[in-house]
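# Kindly return the folded structure for what I paste below:
(chains A and B)
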Number of protein chains: 2
Amino acid sequence: MKILLTVLDGLGGLPVKEGKTELELAKTPNFDSLAKISALGLHIPVDVGITPGSGPGHLGIFGYDPLEIEIGRGVLEALGLGLEVRETDIAVRGNFATAEYSNGKVVIKDRRAGRIPTEENRRIVERIRKEIKDVNGAEVIIKSGMEHRFALIFRFREPLPEGSDRIRDTDPQKVGAQPLPAVAETPEAEKVAELVNEFIQKAVKIIKDEPKANYILLRGFSKKPKLKTFEEKYGIRSACVAVYPMYRGLASLVGMDIVNPSGDSISDEIATLKDIWESYDFFFLHIKKTDSYGEDGNWQGKVGVIEEFDRNLPSILSLKPDVIAITGDHSTPSVLKGHSWHPVPLLVNSPYVLGGTSERFTERECLKGEIGIIPAKKIMNLLLANARLLPKYGA
Amino acid sequence: MKILLTVLDGLGGLPVKEGKTELELAKTPNFDSLAKISALGLHIPVDVGITPGSGPGHLGIFGYDPLEIEIGRGVLEALGLGLEVRETDIAVRGNFATAEYSNGKVVIKDRRAGRIPTEENRRIVERIRKEIKDVNGAEVIIKSGMEHRFALIFRFREPLPEGSDRIRDTDPQKVGAQPLPAVAETPEAEKVAELVNEFIQKAVKIIKDEPKANYILLRGFSKKPKLKTFEEKYGIRSACVAVYPMYRGLASLVGMDIVNPSGDSISDEIATLKDIWESYDFFFLHIKKTDSYGEDGNWQGKVGVIEEFDRNLPSILSLKPDVIAITGDHSTPSVLKGHSWHPVPLLVNSPYVLGGTSERFTERECLKGEIGIIPAKKIMNLLLANARLLPKYGA
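The predicted structure is shown next:
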């Protein structure tokens, strides 16, 4: 049994031209043929009216309740920068900031250090990395992001207790204020908070001479969430093919094996999928650019990615998955230049669908489909049912 | 007010010929006329992707949450064989098995005793029945099923406490293993387990000389679930007209009066419905053969039953129910030869429906209907609302 879940990130849209959405404007002969014989519907990632981030969006389509499970911002940032997050880690997002020292007081003058260039960031991170390997026995892992952002992990020797990441942000959130110390909100977090404060002191000492990035602010202390793996939850071997670190990271949280595609294009990803086809039961294929163009408000770009995917669809279908699902983790309408709350088109194909309800794979045609509008977290059960992997409930 | 809920067991289907489902292939002039002026939709028996057994399927359409209420396998088997199950009972499914005795050890050679003929089963059950009337004060009720199967009830003098049915199966589930003793998983079950072991010893002694069925294995110890009756829950007097014992049993669990139809055909059932029409507010009419043919993969047979029902529809409508609902307890697509997870067509007619949404009563036409796709457990409220029996909620 082979189940393929393809996520076109930010797939759903809104009318952009002549009352038509990006999916409706795209020329998609292969999608159209598949839609006619598939089960269609829409899914609601988190809840009606709720705009999800990438974390909750993916948790939902992986079958986890995004309202029950929280992926902390520190963890998400670390995953997004390609860092591994372990059970022994406390992860946090960092900003370089500009501070002024007067009368022995520190005052934040710019919470983003004038958005220093990314290369500057890398140079400064390297300074810190060279001098701070660990603090109080916890390994320190630091990685540059874009501009003033970085991810920071404190890696302990043993798994950390519940609550050990309940530490207040050190970012005062306003200019002219003093940076805050890391304050533990639970007894379990006290040791960690102490160590964080020691790290801040040491790091600031190193970068004190920088003209702009002479301070650091930390937000979103968090631990890796405890999740059943796909294998534990569904009894299937799963693999992720994704270009962007964030999605590989999210897949790794649920125990998927991560396979790096041979290149960045959709066809590269599909080639990689082919290479590993015999080794797994479940495949999560992630395509990013639908979301990126949506975020930029570039609807022509989004239409282009949909058409590019459509050209690659026959090659995907030639793998002969028993069950194929195509959807998004949320909608990213170009007119909104960002994620949105709108239900996301969903296509499921297997030998056990009704089909024949719709002409195309678009928001409006999906409304006519046999799946209806379902919560994202129920999609996995539908796929497992179509693969005939779920037992009968009750006698 | 008369509400009639007709369940065509396993009603929903999938395309079997020229892309059409059993409902679409059936010639149903009466259904078609009714569908045009009715509220249509589909229901999900348990949850998206979940294939229900008959127990959860019926609990749902009776308005009970099948995820909250469990009907044990022993209870269901007993009901299916037409046994009454009381609050004082522990019910369990039995198999005759073939055991070998060597060095004082018992080893199971065949968990189904070579699937002995049903008449053989009846003869052996009679031997046990004649010699064991009770064990330690609990009455023993035993009834033959098909081939090697039987149902067993231990009837105590008083209602049993919660947890008293938590007893492990004695079936080791593999050939070559020793049968297991009945082991209590709770203190409340200890007395029952002891008594079960004594019964097994006595019964095995009686049938030890049988060439094949010389041992018994027990599975699915269970008590009657505690359910509010229809009268308590909805304040209505309800009756069940069903040919098969299982469905009469399920109806009896929710306190319906059971009326035996004068014969096995759909028209016999309707004649019986007429006879009792003045005595009740709510009628549950169960028609089995749609499911039986679906299970056999005989789509022509299923189409035939749907057409037979259609011919009888005018006679049902002539009773002038205030509210009529027609649906299934789950789908049984002929192509799957079994129950499935697919949403089930639902028709509701009363003077207070919108109507005019659909041309026929089929899976695809129901998708266009005013009810949408709803959980089965919400159907009863819809029927009560159409009967104007539900009060306004809040001021």
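
# burial count for A:Leu336?
17 (other Cβ atoms under 10 Å in any protein chain shown). Glycine gets a C-beta too; all of them are placed from N, C-alpha and C.

# What does it show for phi and psi?
A:Leu336 has phi and psi values of phi -100, psi -10 when expressed as degrees, to the nearest 10.

# Chain neighbours aside, what residue packs nearest to it?
Spatial nearest neighbour of A:Leu336, chain neighbours left out: A:Leu14 (7.0 Å); criterion: Cβ to Cβ, 6 or more residues apart in numbering or on different chains.

# so that neighbour touches A:Val335, yeah?
Yes: counting by Cβ atoms under 8 Å, A:Leu14 does reach A:Val335; the two are 5.2 Å apart.

# Confirm that the residue nearest to A:Leu336 lies within a strand, as I assumed.
No: judged by DSSP: H, G, I helix; E, B strand; the rest coil, A:Leu14 forms no part of a strand; its state is coil.

# in its sheet, what does the lengthiest strand in chain A sit against?
Using DSSP state E, we find that the single longest strand of chain A is strand A:89-102. Paired with strand A:89-102 in the same sheet, following DSSP bridges, are strand A:105-110 (antiparallel), strand A:149-155 (antiparallel), strand A:215-222 (antiparallel).

# Contacts for the first one, please.
Meaning strand A:105-110. Applying Cβ atoms under 8 Å, 6 or more residues apart in numbering or on different chains, the contact partners of strand A:105-110 are A:97-101, A:172, A:174-179, A:212, A:215, A:217.

# Please identify the buried residues of it?
A:Val107, A:Ile108, A:Asp110 (16 or more other Cβ atoms under 10 Å in any protein chain shown).

# got CSV for the residues you listed, with pLDDT too?
Converted to CSV, the buried residues of strand A:105-110 look like this (pLDDT from 0 to 100):
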residue, pLDDT
A:Val107, 95
A:Ile108, 96
A:Asp110, 95
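
# any idea which of the residues you listed is closest to B:Ile276?
B:Ile276 has its nearest neighbour among these in A:Ile108, at 81.2 Å by Cβ to Cβ.

# And that closest one, how far from A:Gly114?
12 Å (Cβ to Cβ, to the nearest Å).

# Now do the shared contacts for the two.
A:Thr98.

# leaving aside the residues next to it on the chain, what's closest to whichever residue of chain A sits closest to chain B?
As assessed by Cβ to the nearest Cβ, chain B sits closest to A:Asn381 within chain A, at 3.2 Å. Nearest residue to A:Asn381, sequence neighbours excluded (Cβ to Cβ, 6+ apart): B:Gly49, at 3.2 Å.

# Helices of chain A, residue ranges please.
Ranges of helices in chain A, per DSSP state H, are A:22-25, A:29-36, A:54-61, A:73-80, A:118-131, A:190-207, A:230-234, A:245-253, A:266-276, A:289-296, A:299-317, A:363-366, A:379-386.

# Now do the last one and helix A:54-61, the angle between them.
Spelled out, that is helix A:379-386. Angle of helix A:379-386 versus helix A:54-61, following axes from the mean of the first three to the mean of the last three Cα atoms, to 10 degrees, is 30 degrees.

# next one: helix A:379-386 to chain centre, how far?
22 Å (Cα atoms, centre = their mean, to the nearest Å).

# In contact with the most centrally placed residue in chain A, which residues?
In chain A, the residue lying closest to the centroid (Cα atoms, centre = their mean) is A:Ser54, at 4.0 Å. With contacts defined as Cβ under 8 Å, 6+ apart, A:Ser54 is in contact with A:Asp9, A:Leu76, A:Met246, A:Tyr247, A:Leu250, A:Asp329, A:His330.

# Could you count how many residues lie near the nearest residue to the second one once chain neighbours are set aside?
Read it as A:Leu76. What sits nearest to A:Leu76 in space, not counting adjacent residues and going by Cβ to Cβ, 6+ apart, is A:Gly55, at 5.3 Å. Using other Cβ under 10 Å, A:Gly55 has 24 neighbouring residues.

# Relative to A:Gly80, how far out is A:Gly55?
To A:Gly80, A:Gly55 is 10 Å away according to Cβ to Cβ.

# Below-threshold pLDDT in chain A: ranges please.
For chain A, no stretch is flagged by pLDDT under 70.

# Could you chop chain A up by domain?
A:3-69+A:227-386, A:75-222 (automatic domain parsing).

# With respect to burial, which of these scores highest?
Of those, the one with the most neighbours on average (mean count of other Cβ atoms under 10 Å in any protein chain shown) is domain A:3-69+A:227-386, at a mean of 20.

# Now do the end-to-end distance for that one.
9 Å (Cα to Cα, to the nearest Å).

# how far is it from where the chain is centred?
13 Å.

# Also stretch A:156-173?
21 Å.

# Show me the contact partners of it.
A:72, A:74, A:87-90, A:95, A:97, A:108, A:111, A:137-138, A:178-189, A:191-193, A:196, A:200, A:217-223.
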